[in-house]
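[1] My questions are about this predicted structure, shown below with the sequence.
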Amino acid sequence: MKEILLLKYGEVALKGLNKPAFESAMLKTVRRRLADIGEFRVYKAQSTIYVEPLEEKADLDAALCRVQRIFGFSAINRAAVCEKSLESICATAADYLGDRLRQGGSFKVSAKRSDKRFPLNSMEIGREVGAYLLVAFPGLRVSMADPEITVVVEVRDFAAYVHCGKLPAAGGMPTGTSGRAAVLISGGIDSPVAAYMMARRGLDLCGIHFMSPPYTSERALDKVVQLSSVVAGYTGNFALLCVPFTDIQLAIGKNCPEELFTVLMRRSMMRIATIIGRREHCGALITGESLAQVASQTLPAIACTDAAAGMPVLRPLIGMDKSEIVDISRRIGAFEISILPYEDCCTVFTPKHPKTRPRLEDVIKAEEAFDLPSLEAAAVEGTEVRMLHFFDEPWR
């Protein structure tokens, strides 16, 4: 029996004249993600992208796992393909879903007929297929309100398709259709979630990580690489730019008031990230800040930080509770990596009593006490690039 994946559009279905551009991006992404697991025919029709295996060795299980992480689709159906005849539809439903139907329980048939040339309408298809299944599986009973099993029949242009309802999809907008941004990614819980949320809105991403050897270990960097691989599982290829930040932190600690250390560090990160972001053709920076979560995320501190950025700063988590952020982190597969006990540069150099309401004029005065621009230029020059790919993700 031939199986196929039906990838149903989300918001893209509502687009107007620019809809073909979104569809083209989705088609390219699907083809790229499946290229190494077999030969598939990938094509679009009726606000759906079809993924059809063309050889026996094509791994449909792996294909399903990968397309579930592609942004732009609201639902995925794994379906059996059959001829557009009532006899074929009934026989396919009994054969394809037989294992579940033999267990008995309540069921209903939901039919959709987009090919209006088919002689029966949706209600008639549902009635006939339901009657057939009741005879074939005596343990079944009909429940239209709350069925345990829903048999779905779709009569489309190319064929009829039988499946058992929708599977989860990533939602959002296709990657790259909203531009490109750089996410400041640490080893914590928040920044990978921020990256995921903005990628889900169609942004192509690169990552910027600030490291402080020897105060941060190689294991801490490996942790960030693993988190970046989780992000790459959704976005595709992901460039992680690792910035040496030790000299800047030591200089700030030596020349500036301790209570201003955090905001000075954040401002330096923003300036460096702006330079790197422009080189990477980014139009914005992304951070994992949540209002009032820590001392550096108060309104006055955020205002001081933003004043140093040379491009828009997006904060998708700004109004979220920590529990909400943790829930998303678990769902995308980042949480268990994020809680590994390897500290990043922010936690290593945290002052005992950070100032929660810094004044911009005091911060600027502190920065003028030493040659910070030269140190930042050296950090940009020493940045190393690591490329992560969607097939590197730890969950595979």
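    Ah, there it is. Numbering: from 1, shown residues only.
[2] Helices of the stretch 251-396 of the chain, residue ranges please.
    261-279, 299-306, 322-332, 335-338, 345-348, 360-367, 372-381 (DSSP state H, counting those that start in this stretch).
[3] what's the burial count for Ala307?
    12 (other C-beta atoms under 10 Å). The C-beta positions use only the backbone N, C-alpha and C, and glycine is treated the same way.
[4] quick one: what helix or strand has Phe210 in it?
    Following DSSP states H and E, one finds Phe210 within strand 204-211.
[5] List of residues touching that strand?
    175-176, 179-186, 195, 198-199, 220-221, 224, 228, 231, 235, 238-246, 269, 272-273, 276-277, 280, 282, 286, 344-346 (C-beta atoms under 8 Å, 6 or more residues apart in numbering).
[6] Among those residues, name the ones in strands.
    Mapping the contacts of strand 204-211 onto strands (DSSP state E) picks out 180-184, 238-244, 286.
[7] In JSON lines, list these along with distance to His389, pLDDT and neighbour count.
    Listed next are the ones in strands among the contacts of strand 204-211 as JSON lines, based on distance: C-beta to C-beta, whole Å; pLDDT from 0 to 100; neighbours: other C-beta atoms under 10 Å:
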{"residue": "Arg180", "distance to His389": "17", "pLDDT": "97", "neighbour count": "15"}
{"residue": "Ala181", "distance to His389": "19", "pLDDT": "98", "neighbour count": "24"}
{"residue": "Ala182", "distance to His389": "18", "pLDDT": "98", "neighbour count": "27"}
{"residue": "Val183", "distance to His389": "17", "pLDDT": "98", "neighbour count": "32"}
{"residue": "Leu184", "distance to His389": "21", "pLDDT": "97", "neighbour count": "24"}
{"residue": "Phe238", "distance to His389": "8", "pLDDT": "93", "neighbour count": "26"}
{"residue": "Ala239", "distance to His389": "11", "pLDDT": "95", "neighbour count": "16"}
{"residue": "Leu240", "distance to His389": "11", "pLDDT": "97", "neighbour count": "23"}
{"residue": "Leu241", "distance to His389": "16", "pLDDT": "97", "neighbour count": "22"}
{"residue": "Cys242", "distance to His389": "17", "pLDDT": "96", "neighbour count": "18"}
{"residue": "Val243", "distance to His389": "22", "pLDDT": "97", "neighbour count": "22"}
{"residue": "Pro244", "distance to His389": "24", "pLDDT": "96", "neighbour count": "18"}
{"residue": "Ile286", "distance to His389": "20", "pLDDT": "98", "neighbour count": "29"}
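[8] now the helices for the stretch 101-250 of the chain?
    With DSSP H, counting those that start in this stretch, the ranges of helices along the stretch 101-250 of the chain come out as 122-136, 190-199, 218-235, 246-255.
[9] okay, these in TSV with distance to Gly16 next?
    What follows is those, written out as TSV (distance: least, C-beta to C-beta, whole Å):
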stretch	distance to Gly16
helix 122-136	28
helix 190-199	24
helix 218-235	26
helix 246-255	48
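[10] from those, which stretch is densest packed?
    Of the helices of the stretch 101-250 of the chain, the one with the most neighbours on average (mean count of other C-beta atoms under 10 Å) is helix 190-199, at a mean of 26.
[11] what's the angle between that helix and strand 238-244?
    On the basis of axes from the mean of the first three to the mean of the last three C-alpha atoms, to 10 degrees, helix 190-199 is oriented at 140 degrees to strand 238-244.
[12] contacts for helix 190-199?
    71, 172, 175, 181, 183-185, 205, 207, 227-228, 230-231, 234-235, 286-290, 293, 314-317, 325, 328-329, 332, 334, 338.
[13] dump the residue contacts of the residue lying farthest from the centre of the chain.
    Distance from the C-alpha centroid of the chain peaks at Val135, with 44.4 Å (C-alpha atoms, centre = their mean). Val135 makes contact with no residue, according to C-beta under 8 Å, 6+ apart.
[14] What of Arg69?
    Per C-beta under 8 Å, 6+ apart, neighbours of Arg69: 170, 233-234, 390.
[15] how about 7 Å then?
    By C-beta atoms under 7 Å, 6 or more residues apart in numbering, the contact list for Arg69 reads 170, 233-234.
[16] With Leu27 instead?
    Leu27 neighbours (C-beta under 7 Å, 6+ apart): 42, 44, 49.
[17] One more pass at 10 Å, please.
    Listed by C-beta atoms under 10 Å, 6 or more residues apart in numbering, the contact set of Leu27 reads 7, 42-44, 49, 174.
[18] Understood, closing this out.
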